[in-house]
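Q: here you go, sequence then predicted model.
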Amino acid sequence: MYKIAVLPGDGIGPEVVAEAMKVLDVLSENYSVKFDFQEFEINSERYLRTGELLTDEDIGQLKRFDTIFLGAIGDDRVKPGILEKGILLALRFTFDQYVNHRPAPLWKPFGRLKREVDFNIDVFRENTEDYYVAVGGRISQGKGTLDLRVKRHLYDMKVRLDVDADAPDDYAFEIGMMSRRNIERFADHVIEYCDLINENYITVVDKANVCSNIYSLWREVWADKCRRAGKQLGFMFVDAMTMALVKNPDRFRVVATPNMFGDIITDLLAEVTGGLGLAPGGNINPQGISMFEPVHGSAPKYKGMNRINPVATILAAKMMMDNLGRRDLGQVIFDGVRGAFDQGVYTKDLGGNATTRQMGDAVVDAIHRMK
Ligand code: IPM
Ligand code: MN
């Protein structure tokens, strides 16, 4: 029995989560697995009603689950940054989900490149540090002090920034930070994954030619970890990487990236594979509670229209099964999605005419046929 906390979230979140749960229900009917789902209202509606984001009580409750399944968080009525930091990033940081795994296989025939090129890339995005530590603020009149704090499982850090500029302007700061121990454990996880899939080469992304303080530590740890593990590695600057992902995605198999660049290149890569409608992600704490979600957001303008593609969320459920140690069932979901596509069922984003619910039904049917 797996205890799963379900956070449907906002916008189209509840619709796509409902389809993924249909698929999980079919697994429990046909295979030896049982789920205990419990839904939580941790979203913008509750925030607008009560002012609450992720509360201590939520955290206490979520700790009792094996895993977290999330739809999407985001609402136009709320200023950018509040829900993102207050709920989504708060979940990732609170549960110390320091790895963000975003698989990007080419989904034939939906790839968006003009040229036929086959690829299957796993992106691993560091998920708790870099430019996501919120060390920053604004200084007016050129003078002031920022007293900041970064609290993670590995440390509780105070940072003070004293600014004294000779021009009385407004200044804004956003400082990136990485710690050796976090890079080490992140690299260990990526290397372990390489062992699992028998891969010997890791492409490591950064911008060490400009942000050479933060990314020289990153490089130092990666070089050391790969040497010890007998893996080969190649460093790529992120600008060249974006170009290469469009030009020669078949050059890459496992890609490791800092948080911010990972955010950007995984949207790019999702588009190359077939679109955001097909891209899942796992926020992984290898020793704790992980969280699975589609890479896309809450798309409020499509809410309730039964037209959004649920496959990214269904594939997030596949990753959740893999993570719970049931790779056999993860494979069933993957084959179900492939089977539905092969029957010619797909949603508008992919040029088809299936609705959200018809797409979920087609995956369910494909799984039934496989039995
Ligand atoms: C993502 C999103 C989030 C991120 C935002 C909503 C905080 O873009 O999951 O890629 O930047 O990580
Ligand atoms: Mn993103």
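A: The structure has been received and is ready for your questions. Ligands and ions are numbered 1, 2, ... in the order given.

Q: give me the contacts around the strand or helix carrying Arg227.
A: Counting by DSSP states H and E, the element that carries Arg227 is helix 212-229. Helix 212-229 is contacted from outside by 130, 176-178, 180, 183-184, 187-188, 191, 202, 204, 206-208, 231-233, 235, 256, 258, using CB atoms under 8 Å, 6 or more residues apart in numbering. Quick note: C-beta positions are derived from backbone N, CA and C, even for glycine.

Q: alpha carbons only: can I get it in CSV?
A: Written as CSV, here are the backbone C-alpha positions of helix 212-229 (Å, rounded to 0.1, in the frame of the first residue of the first chain):
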residue,chain,number,x,y,z
SER,A,212,33.3,31.7,-12.1
ASN,A,213,33.0,31.7,-8.3
ILE,A,214,29.8,29.7,-8.0
TYR,A,215,30.5,27.4,-11.0
SER,A,216,34.2,26.7,-10.2
LEU,A,217,33.0,25.0,-7.1
TRP,A,218,30.5,23.1,-9.1
ARG,A,219,33.1,22.0,-11.7
GLU,A,220,35.6,21.0,-9.0
VAL,A,221,33.1,18.7,-7.3
TRP,A,222,31.9,17.2,-10.6
ALA,A,223,35.5,16.5,-11.9
ASP,A,224,36.3,14.9,-8.6
LYS,A,225,33.2,12.7,-8.4
CYS,A,226,33.4,11.6,-12.0
ARG,A,227,37.1,10.7,-11.6
ARG,A,228,36.4,8.6,-8.6
ALA,A,229,33.4,6.9,-10.2
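
Q: which other residues reach the helix or strand following that helix?
A: Later in the chain than helix 212-229, the nearest helix or strand by DSSP H and E is strand 232-237. By CB under 8 Å, 6+ apart, the residues outside strand 232-237 that reach it are 200-209, 219, 222-223, 226, 244.

Q: next, count neighbours for Ile87.
A: 25 (other CB atoms under 10 Å).

Q: surely it touches Gly74?
A: No. Counting by CB atoms under 8 Å, Ile87 stays clear of Gly74, with 9.3 Å between them.

Q: could you list the residues of the stretch 1-150 of the chain in contact with ligand 1?
A: Residues of the stretch 1-150 of the chain found near ligand 1 (CB under 6 Å from any ligand atom) are Glu84, Leu88, Leu89.

Q: the second one - how many residues pack around it?
A: By that I understand Leu88. Residues contacting Leu88 under the criterion other CB under 10 Å number 23.

Q: show the buried residues in the contacts of helix 212-229.
A: Listed as buried from the contacts of helix 212-229 are 130, 176-178, 183, 187, 191, 202, 204, 206-208, 231, 233, 235, 256, 258; burial here means 16 or more other CB atoms under 10 Å.

Q: what about Leu148, distance to Phe119?
A: Look at Leu148 and Phe119: by CB to CB, to the nearest Å, they are 41 Å apart.

Q: who's more crowded, the two?
A: Neighbours were counted for Leu148 and for Phe119 using other CB under 10 Å; Phe119 has more, 19 against 16.

Q: hmm, the more buried one is touching Asp250, no?
A: Yes. In this structure, Phe119 is within contact of Asp250 by CB under 8 Å, at 4.5 Å.

Q: who touches Arg338 in this structure?
A: Counting by CB under 8 Å, 6+ apart, Arg338 touches Ala366.

Q: how about the residue of the stretch 101-250 of the chain found nearest ligand 1, nearest residue that isn't a chain neighbour?
A: Among all residues of the stretch 101-250 of the chain, Tyr132 sits closest to ligand 1, at 7.3 Å; criterion: CB to the nearest ligand atom. What sits nearest to Tyr132 in space, not counting adjacent residues and going by CB to CB, 6 or more residues apart in numbering, is Asn259, at 4.8 Å.

Q: so the most centrally placed residue in the chain, which of the three states?
A: Nearest residue to the geometric centre of the chain (CA atoms, centre = their mean): Gly281, 3.8 Å. Classification of Gly281 by DSSP: H, G, I helix; E, B strand; the rest coil places it in strand.

Q: report pLDDT for the closest residue to it other than its chain neighbours.
A: Closest residue in space to Gly281, ignoring its immediate chain neighbours: Arg102 at 4.6 Å, by CB to CB, 6+ apart. Per-residue confidence for Arg102 comes out at a pLDDT of 98.

Q: so where does Arg102 fall, helix or strand?
A: strand 99-105.

Q: now do Tyr193
A: Going by DSSP H and E, Tyr193 is in helix 180-196.

Q: which residues touch the residue of the stretch 1-150 of the chain found nearest ligand 1?
A: Relative to ligand 1, the nearest point of the stretch 1-150 of the chain is Glu84 (3.8 Å; CB to the nearest ligand atom). By CB under 8 Å, 6+ apart, the residues touching Glu84 are Ile73, Gly74.
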